[in-house]
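Chemist: Could you work out the structure for the sequence below:
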Amino acid sequence: MSSPGSDSSAPVEFAVDLSSHEMLRRTHVMSALGPDWDPAAALRGEEEAQDLLYSGLSEEQQRLYDELVSAGVLPRRGGGRAAA
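Modeler: Numbering: from 1, shown residues only. Below is the predicted model:
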């Protein structure tokens, strides 16, 4: 119940500080990755997977890929040809 004259529809300030939770989350992520995790190797693997994904496209698939690149939906890869 609201008191007479109070506006029950007024916004209420609400704040939660999640910084300690975020640090704990990051600690758990790094622990799960283990000491042998190599971020550079992981990035290279992702790049290789992207190259493979867009390799060997048919003529129609290449046309669609080129349209998506032109529209800014996909990044240009391999000198403008998906199969490069």
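Chemist: C-alpha from now on. contacts and neighbour counts both.
Modeler: OK.
Chemist: What ranges does the chain have for its helices?
Modeler: Remark: helices assigned in the chain by DSSP state H are 19-33, 39-53, 59-70.
Chemist: With distance to Ala10 and mean pLDDT added, can I get these in TSV?
Modeler: Shown next, in TSV, are the helices of the chain (distance: least, CA to CA, whole Å; pLDDT from 0 to 100):
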stretch	distance to Ala10	mean pLDDT
helix 19-33	28	95
helix 39-53	48	91
helix 59-70	46	94
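Chemist: hey, which of those is tucked in deepest?
Modeler: Highest mean neighbour count of those: helix 59-70, a mean of 14 (counted as mean count of other CA atoms under 10 Å).
Chemist: re the thing from before, now distance to Ser8 too, for the helices of the chain, in CSV please.
Modeler: CSV is the format used below for those (distance: least, CA to CA, whole Å):
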stretch, distance to Ser8
helix 19-33, 31
helix 39-53, 51
helix 59-70, 50
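Chemist: I'd like to know how many residues surround Phe14.
Modeler: Using other CA atoms under 10 Å, the number of residues around Phe14 comes to 5.
Chemist: quick one: pLDDT of it?
Modeler: Phe14 is assigned a pLDDT of 89 by the prediction.
Chemist: Any idea which residue is closest to the centre of this structure?
Modeler: For the chain, the residue sitting closest to the mean C-alpha position, by CA atoms, centre = their mean, is Glu46 at 12.8 Å.
Chemist: Against Leu52, how distant is that residue?
Modeler: Using CA to CA, to the nearest Å, we find Glu46 at a distance of 10 Å from Leu52.
Chemist: Same check on Ala32?
Modeler: In terms of CA to CA, Ala32 sits 28 Å off from Leu52.
Chemist: Please apply the same query to Trp37.
Modeler: Using CA to CA, Trp37 is found at 23 Å from Leu52.
Chemist: same thing with Arg77?
Modeler: From Arg77 to Leu52 the distance is 11 Å (CA to CA).
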